[in-house]
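Undergrad: next comes the sequence, and after it the predicted model I'd like to discuss.
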Amino acid sequence: QKEVEQDPGPLSVPEGAIVSLNCTYSNSAFQYFMWYRQYSRKGPELLMYTYSSGNKEDGRFTAQVDKSSKYISLFIRDSQPSDSATYLCAIGLYGQNFVFGPGTRLSVLP
Amino acid sequence: EAQVTQNPRYLITVTGKKLTVTCSQNMNHEYMSWYRQDPGLGLRQIYYSMNVEVTDKGDVPEGYKVSRKEKRNFPLILESPSPNQTSLYFCASSLKAPVAGLGYSYEQYFGPGTRLTVT
């Protein structure tokens, strides 16, 4: 079983939809979670960082962690064509490097 | 403008022909690393450097070399490229090592990527 898994997509949604992007992980000890956004032909850029369980909101983006289910989510409200990108989750154990998921490709259609 | 630059952006080469991919950052970051990105496998770390003259292996170091003679530069060297090294390569830098739980920003700044094809 891979440490971090994501549905590769592509996920296509109409503009204005609420998008849910998910990531599952195998080790319940992971406590540190990040989401990166990667536009086509660009490097990833950090979108959000969360620690342990709960929600974190930043504008139209909400990161949610469910440690009991070993599942993290990124919600995008009022999605825009400019949100079309690949979204990578990254998870970390204390004292260790983060492990990246393979990414989910999102397409928001105007 | 704060940035990480990589060159070349695209490279097609043949098996066994030595090549170097350059990486440079202008943010005075201590930590730099190289990743490869393959479909379905995510970003995998090849090598990293904690500071000048300090380098170490990541998860997939076989077939690669690096050096860190200056703080801003971190070239990736493929002495004898093989087709299984065909991939998308990213250089990244951060102020400190992005290790979980150490109380500072884990944000890594990535370069634009180098698409390498080895035939």
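TA: Yes, it's here. Numbering: from 1, shown residues only, chains lettered A, B, ... in the order given.

Undergrad: which residues are in contact with the closest residue to residue B:14 other than its chain neighbours?
TA: Closest residue to residue B:14 in three dimensions, ignoring its sequence neighbours and counting by C-beta to C-beta, 6 or more residues apart in numbering or on different chains: residue B:119, at 5.6 Å. In short, each C-beta sits where N, CA and C put it, glycine included. Counting by C-beta atoms under 8 Å, 6 or more residues apart in numbering or on different chains, residue B:119 touches B:12, B:13, B:14, B:15, B:83.

Undergrad: which members of those are classed as buried?
TA: Buried members of the contacts of residue B:119, scored by 16 or more other C-beta atoms under 10 Å in any protein chain shown, are residue B:13.

Undergrad: got the contacts of residue B:119 as TSV, with secondary structure columns?
TA: What follows is the contacts of residue B:119, written out as TSV (DSSP: H, G, I helix; E, B strand; the rest coil):
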residue	secondary structure
B:12	strand
B:13	strand
B:14	coil
B:15	coil
B:83	helix
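
Undergrad: just the contacts of residue B:119 now: which is nearest chain A?
TA: residue B:12 (16.6 Å; C-beta to the nearest C-beta).

Undergrad: so what's that closest one bridging to?
TA: residue B:117 (DSSP bridges).

Undergrad: surely it is in contact with residue B:86?
TA: No: using C-beta atoms under 8 Å as the test, residue B:12 is too far from residue B:86 to be in contact (9.5 Å).

Undergrad: ends of stretch B:100-110, what's the gap?
TA: Separation of the first and last residues of stretch B:100-110 by C-alpha to C-alpha, to the nearest Å is 18 Å.

Undergrad: again but with stretch A:33-47, I slipped
TA: 11 Å.

Undergrad: how far is it from where the chain is centred?
TA: Remark: stretch A:33-47 is offset 9 Å from the chain centroid, using C-alpha atoms, centre = their mean, to the nearest Å.

Undergrad: contacts for that stretch next, please.
TA: Here stretch A:33-47 has contacts from A:21, A:48-51, A:61, A:63, A:65, A:72, A:74, A:85-92, A:98, A:100, A:103, B:4, B:43, B:90, B:92, B:106-113, using C-beta under 8 Å, 6+ apart.

Undergrad: what residues does stretch A:81-91 touch?
TA: Contacts with stretch A:81-91, where a contact means C-beta under 8 Å, 6+ apart, come from A:3-4, A:6, A:15, A:19, A:21, A:23, A:25, A:30, A:32-40, A:44, A:47, A:72, A:74, A:76, A:98-110, B:42-43.
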